[in-house]
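Q: build me a model:
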Amino acid sequence: MNQSDFSLPSGCTIRAASASDIKSIRMLVWSAKLDPTQLRWEQFWVIECEGKLAACGQLRNFEGAQELGSLVVAKDWREIGLGSYLTQYLIQQATKPLYLECLGKRLASFYSRFGFLEVPVQDLPQSLKFKFGLSQLAKFLFRVPVTIMQYREGS
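A: Got it, this is the predicted structure:
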């Protein structure tokens with residue numbers, strides 16, 4: 001898949017987040033019950049539709065890797081392709097090997113459409129092993145359905 005496979009609906013634009021977006025980003029992330037820590041507006045891209053923040057996602061930098069995270073589409077804007085567009089956009093912005101972790105088979109299936117494949121913790125770069133290792137512990141202890149994935153172009 002490439003960017004031309006997805007388009008933004010009319011009235012929607014994508015842009016780098018600004019400091020004034022942080023409150024809206026936090027609200028979106030909290031509404032999706034995602035980890036609200038380490039939300040740095042400088043790492044986010046947002047989609048605005050009709051003057052409202054409709055979606056957000058971030059590329060977090062680690063040594064030798066990046067993480068696609070906090071990708072959320074506001075409830076009123078779902079099912080029109082914003083998540084797909086933003087995922088593809090963030091993949092294109094990535095400058096290092098790209099990883100993510102997601103909850104549940106449905107999200108893993110969503111990301112696999114873009115070329116993400118499940119990877120074991122031991123195959124992660126050192127800079128991500130601790131962070132993602134904690135979620136694997138939760139997976140084991142509490143049966144949380146966490147999947148760690150890596151983007152592989154052409155997959």
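Q: when you work out contacts or count neighbours from here on, use the C-alpha atoms and nothing else.
A: Noted.
Q: regarding this protein, what is its longest helix?
A: helix 126-142 (DSSP state H).
Q: so which residues make contact with that helix?
A: 62, 63, 64, 65, 101, 121, 122, 144, 145, 146, 148 (Cα atoms under 8 Å, 6 or more residues apart in numbering).
Q: ok, stretch 46-64 next?
A: Stretch 46-64 has contacts (Cα under 8 Å, 6+ apart) with 11-17, 24-25, 28, 43-45, 66-74, 76-77, 82-83, 86-87, 90, 94, 96-97, 125, 127-128.
Q: picking up where we left off before, strand partners (parallel or antiparallel) of the helix or strand following the longest helix of the chain?
A: Moving toward the C-terminus from helix 126-142, the next helix or strand (DSSP states H and E) is strand 146-151. Counting by DSSP bridges, the strands paired with strand 146-151 are strand 98-103 (antiparallel), strand 116-118 (antiparallel).
Q: hmm, who's touching strand 146-151?
A: Contacts for strand 146-151 (Cα under 8 Å, 6+ apart): 97-104, 108, 114-121, 132, 135-136, 139.
Q: let's see that with 10 Å instead.
A: Identification of contacts with strand 146-151 by Cα atoms under 10 Å, 6 or more residues apart in numbering yields 66-68, 91, 97-105, 107-108, 111-112, 114-121, 123-124, 132-133, 135-140.
Q: give me the buried entries from those residues.
A: Among those, those classed as buried by neighbour count (16 or more other Cα atoms under 10 Å) are 66-68, 91, 98-102, 108, 111-112, 114-118, 121, 124, 132-133, 135-136.
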